[in-house]
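Undergrad: Dropping the sequence and predicted coords here.
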Amino acid sequence: MAKFTKKSKASTAISVASLPDIVFILLFFFMVTTVMREQDILVEQKLPAASQLQKLQKKTLISYVYIGNPKNVALYGTEPKIQANDALLNPSDLVQWVNQERDLLPENERGLMTISMKADKEVKMGPISDVQTELREADARRVLYAATKKVD
């Protein structure tokens, strides 16, 4: 009579040899698709609508100034504030800020520096006029007013 042997069970272990490849592919995917935010906007931003807009080509020469009511009313009050980079500024500090931003640019492009003003549509003209005056004193003559496209 022949001996019957029991068949051994198949190995149920999952191969993890390709796991590092999968992890690096996911890491690369998220690094490529993630957008890093440059600034935290501390003021409200509801941009006005415009009928004609023009898109800029070279965005490296643009510095942004945000004007609006502060989001944190308990900390900053209810008066409109001016934000440049990640700090709230007084209008008198804008000249120094413009000079610092200008110094960051290459020597041959300093004259092409553009200030983009993103003012909330609910803000009165007083703070905007103060910013315009300070930008004139800082010799920042290229000023853009940001807006959204008007929907017909």
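TA: Yep, it's here.

Undergrad: quick one: contacts for residue 71?
TA: 41, 42, 43, 44 (CB atoms under 8 Å, 6 or more residues apart in numbering). Just so you know, the C-beta spots here come from the backbone N, C-alpha and C atoms, and that holds for glycine as well.

Undergrad: what's the spacing between it and residue 43?
TA: 7 Å (CB to CB, to the nearest Å).

Undergrad: For the chain, which segments are assigned as helices?
TA: Assigned by DSSP state H, the chain shows helices spanning 19-33, 73-76, 94-104, 125-137.

Undergrad: Including distance to residue 56, mean pLDDT and mean neighbour count, could those helices go into TSV?
TA: Listed next are the helices of the chain as TSV, based on distance: least, CB to CB, whole Å; pLDDT from 0 to 100; neighbours: other CB atoms under 10 Å:
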stretch	distance to residue 56	mean pLDDT	mean neighbour count
helix 19-33	24	91	9
helix 73-76	30	88	10
helix 94-104	16	93	16
helix 125-137	18	94	15
